[in-house]
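Engineer: Sequence and predicted structure below; questions after.
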Amino acid sequence: MSRAAGTCFSLKKPTYATMKIHGKNNIAGALSAEGSQQIEAINPANGAALDGRFTLATEAEINRAAETAQEAFSGYRRKTAQQRAGFLRAIGEEILALGPALIERAMAETGLPQARLEGERGRTVGQLNKFADTLLEGSWVQARIDRAQPERTPLPRPDVRSMYIPLGPVAIFGASNFPLAFSVAGGDTASALAAGCPVIVKAHPSHPGTSELVAGAIAAAVEKTDMPPGVFSMIHGGVHESRMLVQHPALKAVGFTGSLKAGRALFDLAAARPEPIPVYAEMGSVNPVFILPDFLKTRGAEVAPGLCGSVMLGVGQFCTNPGLVITTDTPGLPGFLDALGRQIQTSPAGTMLNAGINAAYENGLAALATRPGVAVLAEGREATGQNQGKAALLRVAATHFLQDEQLQEEVFGPSTLVVAGENAEQLSRVIAALHGQLTATIYGTEQDFRDFPDIIDLLAQKAGRLLFGGFPTGVEVCDAMVHGGPYPATTDSRSTSVGTAAIFRFVRPVAFQNFPDRLLPEALQEENPAGILRMVDGVFLPPA
């Protein structure tokens, strides 16, 4: 069909993978470009403009995406677990069907290497399949049944049964640093669709072509599995379009991965709506690595190669990048710093995701280096191309760290700051002063844990994931994973954006009291036709 200000047509899978980049919004499976403002994708490695100009969504297009999502919610939430699981698996199949074109476009838009992006594509498809498995297993609805006790005194107990149901249409904001796994079909989208919520994605402007290709794959899966067209839309836009999307009354929740500034702005905007809605914003972290005194003295130098690799992974552009190393000024410190410094000095500069991120890293690093008491110990190899970030190792005494909150601000890139404390008491003060974190890592011997018996408990109050050794970069997609943490790591420390528990962000509990069995959802019916694990009269019972 045609429109006065643009052309819309249904996406058909047989031709989609070979289509040129069209630069349009995907509104419920139809392409639309009704606006006049456009952006272009830039190759960060050479500054060259890539194919396609991308038209920002108009208010009318955003309204249409939200309204069709609201219409789709009625039918989509009633789809069976098997149907929604089939839809998620079909999305993964369509993403794989895009073949090399998807990887090549993502490489050009992000500067990330082929192997990294192929791995990220595998993770993206794996997440979709993992949530499909979760739907089929079924216990995520958390069915709880308290049967009636009419003979109870002094008052009889009614029959009460509860389970989770989906919230409604959800807005998802793609991340800059993961163009696949935290983007259009990433974990936020997968968990929201699994929960039964239609999704509207705001594509990240750093990789709009990649986003377009994946949106086409989702649209093809919608058609293939006979889902309501409004179950998925994707728009291009900036701050203005983001505000319009979050403020639309059809929206019931927001998923976001990005900076503290942007995440907090969305959170405040959503809270100020006539109907406030939750914003699940993951906003980064400095992810402290604690190297306790006895370990530092006996094995500290062993940590240096792995720690440097973690700092440099993805040119430091991971939300779990270890930007802070906290230890003590004891005899093992010079050897550790020397070993880590030598690793840093041999690290090559790498292309960052875009010119803005590279400039922010350079400015942030320069500002950090001028803070009182901060010394630059080592720097990596110089840049050999555009938008390349080089590694840096810095040091500061715990006394200065405790007096300067700016030393806790994330510098998004390949650098780390070593904080050296004088004694156990000062180390405890540093922990108490830490902001909320996604991760905290501990290296220690048996002697260290005798000397610091409360460190695990203290860090559990500060971070969403604690690591005993190892390095925080790399987040496993599994049932037990927690990728979250106290503010400012996230806006809601009760949730995770990675792992199957992410589904709980997009559902709410509903209780059914004294309902006839035939009118109850299958998950709550007496004979358990859904065949799921349930809590019945206080006891978890597997299906018969």
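Structural biologist: Here it is on my side, so go on.
Engineer: Which parts of the stretch 401-544 of the chain are helices?
Structural biologist: 424-433, 446-451, 455-460 (DSSP state H, counting those that start in this stretch).
Engineer: what's the last one in contact with?
Structural biologist: Outside of helix 455-460, the residues that reach it under the criterion CB atoms under 8 Å, 6 or more residues apart in numbering are Phe290, Leu292, Ser428, Ile431, Ala432, Ala440, Ile442, Gly444, Phe449, Leu466. All C-beta spots, glycine's among them, are computed from the backbone N, C-alpha and C.
Engineer: just to revisit the earlier point, tabulate the helices of the stretch 401-544 of the chain in JSON lines, adding columns for mean pLDDT, mean neighbour count and distance to Val325.
Structural biologist: Putting the helices of the stretch 401-544 of the chain into JSON lines (pLDDT from 0 to 100; neighbours: other CB atoms under 10 Å; distance: least, CB to CB, whole Å) gives the following:
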{"stretch": "helix 424-433", "mean pLDDT": "94", "mean neighbour count": "16", "distance to Val325": "12"}
{"stretch": "helix 446-451", "mean pLDDT": "96", "mean neighbour count": "14", "distance to Val325": "15"}
{"stretch": "helix 455-460", "mean pLDDT": "97", "mean neighbour count": "15", "distance to Val325": "14"}
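Engineer: Any chance of those helices in a markdown table with distance to Thr327 as columns?
Structural biologist: Shown next, in a markdown table, are the helices of the stretch 401-544 of the chain (distance: least, CB to CB, whole Å):
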| stretch | distance to Thr327 |
| --- | --- |
| helix 424-433 | 8 |
| helix 446-451 | 11 |
| helix 455-460 | 13 |
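Engineer: correct me, but His236 touches Thr58?
Structural biologist: No. Using CB atoms under 8 Å, His236 makes no contact with Thr58, being 10.7 Å away.
Engineer: Can you find the helix or strand in the chain with the smallest mean pLDDT?
Structural biologist: strand 2-3 (a mean of 31; mean pLDDT, DSSP states H and E).
Engineer: quick one, which of the helices of the stretch 401-544 of the chain is nearest to Ala85?
Structural biologist: helix 455-460 (34.3 Å; CB to CB).
Engineer: Restrict that closest one to CA atoms and write it as CSV.
Structural biologist: Taking Å, rounded to 0.1, in the frame of the first residue of the first chain, the C-alpha atoms of helix 455-460 are listed here in CSV:
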residue,chain,number,x,y,z
ILE,A,455,34.2,-9.2,52.6
ILE,A,456,31.8,-11.5,50.8
ASP,A,457,28.8,-10.3,52.7
LEU,A,458,29.8,-6.6,52.2
LEU,A,459,30.3,-7.0,48.5
ALA,A,460,26.9,-8.8,48.1
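Engineer: and the gap between Gly499 and Gly485?
Structural biologist: In this view, Gly499 and Gly485 are 14 Å apart by CB to CB, to the nearest Å.
Engineer: show me where the stretch 101-250 of the chain has strands.
Structural biologist: Taking DSSP state E, counting those that start in this stretch to define them, one finds strands in the stretch 101-250 of the chain at 144-146, 160-166, 170-173, 199-202, 232-235.
Engineer: Averaged pLDDT, the fourth one. What do you get?
Structural biologist: For strand 199-202, the mean per-residue pLDDT is 98.
Engineer: just the last one next, same as before
Structural biologist: Confidence for strand 232-235, expressed as mean pLDDT, is 98.
Engineer: Going by contacts, tell me the helices and strands next to it.
Structural biologist: strand 25-27, helix 59-76, strand 199-202, helix 208-224 (3 or more CB pairs under 8 Å, 6 or more residues apart in numbering; DSSP states H and E).
Engineer: would you list the ones you listed in a markdown table and tack on distance to Pro322 and mean neighbour count?
Structural biologist: Shown next, in a markdown table, are the helices and strands packed on strand 232-235 (distance: least, CB to CB, whole Å; neighbours: other CB atoms under 10 Å):
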| stretch | distance to Pro322 | mean neighbour count |
| --- | --- | --- |
| strand 25-27 | 37 | 29 |
| helix 59-76 | 39 | 21 |
| strand 199-202 | 30 | 28 |
| helix 208-224 | 28 | 25 |
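Engineer: of all those, which lies closest to Val231?
Structural biologist: helix 59-76 (4.6 Å).
Engineer: Need the contact partners of whichever helix or strand comes after that closest one.
Structural biologist: Next helix or strand after helix 59-76 toward the C-terminus (DSSP states H and E): helix 81-97. Here helix 81-97 makes contact (CB under 8 Å, 6+ apart) with 13, 17, 76, 79, 102, 121, 124-125, 128-129, 131-133, 135-136, 138, 180, 185, 190, 193-194, 196, 214, 217-218, 220-222, 224-225, 227, 530.
Engineer: For ChimeraX, write the select line for the buried members of those residues.
Structural biologist: Remark: buried members of these, expressed as a ChimeraX selection using 16 or more other CB atoms under 10 Å:
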select :17,76,79,102,121,124,125,128,129,131,132,135,138,180,185,190,193,194,196,214,217,218,220,221,222,225,227,530
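Engineer: Going by residue numbers, what spans are helices in the stretch 251-400 of the chain?
Structural biologist: Going by DSSP H, counting those that start in this stretch, the stretch 251-400 of the chain shows helices at 260-271, 293-312, 333-345, 355-369, 398-403.
Engineer: Right, I'll call it a day here.
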